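Colleague: Here is my input, please return the structure:
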Amino acid sequence: GQIIPERRFVEAINRQVYQYEMGDFPVEWEAWIRKKRKDPPTIEEIIKNENYREEMKQKIKDVAEKDKLLQAKEYKEGLVAEPIHTRVKGHASAPYYGKKEPSQDPTSTASTFQPGSWMPPGSGSSPKK
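Modeller: Model prediction:
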């Protein structure tokens, strides 16, 4: 008396077996194949659960929109500070971090040193001393 465990599998109809990916089968069938549930799902159960998932997606979308409108109202009334939008211009260890052109002043960031450059008097790019 050797007990042979039950084997569950799905035969591919429209695709090759290797083309299937996670999520291609309804969750209920995945659970049955992996022996998480005893009986295979019914069509009614799959349709009911799919409708429920779609309904939840719509509710989540509605709540997100309401939240966005509420935040906009709070920003407008000054009840909540707006988030600061930062723009990254480069890495802080770069020799010219955040600068578009060389300056007369020497710069030192991290382990690097960039000497100042000579600018002709009256060029307007450096402050008068």
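Colleague: Any regions of the protein where pLDDT drops low?
Modeller: 12, 17, 86-110, 114, 119, 123-129 (pLDDT under 70).
Colleague: Go again with 50.
Modeller: Residue ranges of the chain with pLDDT under 50: 129.
Colleague: Look through it and tell me its longest helix.
Modeller: helix 43-77 (DSSP state H).
Colleague: Report all helices and strands that that helix contacts.
Modeller: With contacts taken as 3 or more CB pairs under 8 Å, 6 or more residues apart in numbering; DSSP states H and E, helix 43-77 sits against helix 27-33. (Each C-beta comes from the backbone N, C-alpha and C, glycine too.)
Colleague: Quick one: neighbours of Gln71, just the number.
Modeller: Residues contacting Gln71 under the criterion other CB atoms under 10 Å number 14.
Colleague: give me phi/psi at the closest residue to it other than its chain neighbours?
Modeller: Take Gln71 and drop its neighbours on the chain: the residue closest to it by CB to CB, 6 or more residues apart in numbering is Val80, 7.0 Å away. When read as degrees, to the nearest 10, the backbone of Val80 gives phi -130, psi 140.
Colleague: Thr112 too?
Modeller: With angles defined as degrees, to the nearest 10, Thr112 sits at phi -110, psi 160.
Colleague: and it, how many neighbours?
Modeller: Neighbours of Thr112 under the rule other CB under 10 Å: 11.
Colleague: Just list whatever residues bridge to it.
Modeller: Thr109 (DSSP bridges).
Colleague: thinking again about what came up before, show me what counts as buried in the longest helix of the chain.
Modeller: Within helix 43-77, no residue counts as buried by 16 or more other CB atoms under 10 Å.
Colleague: How far off centre is it?
Modeller: 18 Å (CA atoms, centre = their mean, to the nearest Å).
Colleague: likewise stretch 13-31?
Modeller: Put simply, stretch 13-31 sits 26 Å off its chain's centre (CA atoms, centre = their mean).
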